[in-house]
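A.B. asks: got a predicted structure here, sequence first:
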Amino acid sequence: MAKLGSFDCSEFKNMAKGMKKALDNRVIERWIREFLLEMAFRGHRKIVKRTPVGDPDNWKNTYYEVKKVTRGKNKGKEKTDKKTLIVGFETAEGKKVSFAAKSNYVGGHLRRNWRVGNVEKHGDSYAIEIFNNVEYASYVEHGHRTRNHKGWVEGRFMATISMNEMERELPRFIEKKQVELLNQILNGRWLNG
């Protein structure tokens, strides 16, 4: 039988010790949590970008208040008051209602209310959620019937599209991050983090 020679496996032993130490110090768990947060904030940015912002000039049944000029050369003429937005609609009973909206209206309430939750561990799985507590968020996302129940307003699917996009990008991100983690563990740099 031929002799293969001697083999020094001290490097493998050092690598195994480094891996065990990393597991004992919860490096992998910390890495998973940081990775999930990073991905959630990437998804959050995509959703926020896609979330529509209300524009009173595009609303049906809205107009600016018209006032009669009481002084000067234009006395008696009508003038649009761009400070007072009048919103009007018809109730289910057919009653016409209108009210003056804030003159300093700024859209974006839905867009400003997207939030990222905390990473939670459930058994062997981790979860994080991106959510919006604005009461009409689901109607904008998925669509809804019109007030008179005769039409349909298409959904914008800002969260659905963004999450599908993230699922396609995830393998590339996770591969890059796994290589970084492995390099840190093998080189002992994770000790500083």
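C.D. replies: Yep, that arrived. Numbering: from 1, shown residues only.

A.B. asks: tell me where this structure has helices.
C.D. replies: With DSSP state H as the criterion, the chain has helices at 10-24, 27-50, 109-112, 137-142, 158-187.

A.B. asks: now those helices as JSON lines including mean neighbour count?
C.D. replies: C-beta: built from backbone N, CA, C; applies to glycine. Formatted as JSON lines, the helices of the chain follow (neighbours: other CB atoms under 10 Å):
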{"stretch": "helix 10-24", "mean neighbour count": "12"}
{"stretch": "helix 27-50", "mean neighbour count": "16"}
{"stretch": "helix 109-112", "mean neighbour count": "16"}
{"stretch": "helix 137-142", "mean neighbour count": "16"}
{"stretch": "helix 158-187", "mean neighbour count": "14"}
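
A.B. asks: and the chain, what are its domain boundaries?
C.D. replies: According to automatic domain parsing, the chain comprises the domains 12-54+107-192, 56-105.

A.B. asks: rank the ones you listed by pLDDT, which is bottom?
C.D. replies: Lowest mean pLDDT of these: domain 56-105, a mean of 63.

A.B. asks: verify the stated contact: residue 54 with residue 108.
C.D. replies: Yes: look at residue 54 against residue 108 with CB atoms under 8 Å: they come within range, at 7.4 Å.

A.B. asks: any idea how far residue 39 lies from residue 124?
C.D. replies: 18 Å (CB to CB, to the nearest Å).

A.B. asks: cool, residue 37 as well?
C.D. replies: Distance from residue 37 to residue 124, by CB to CB: 19 Å.

A.B. asks: surely residue 157 meets residue 140?
C.D. replies: No: Residue 157 is beyond contact range of residue 140, at 9.3 Å (criterion: CB under 8 Å).
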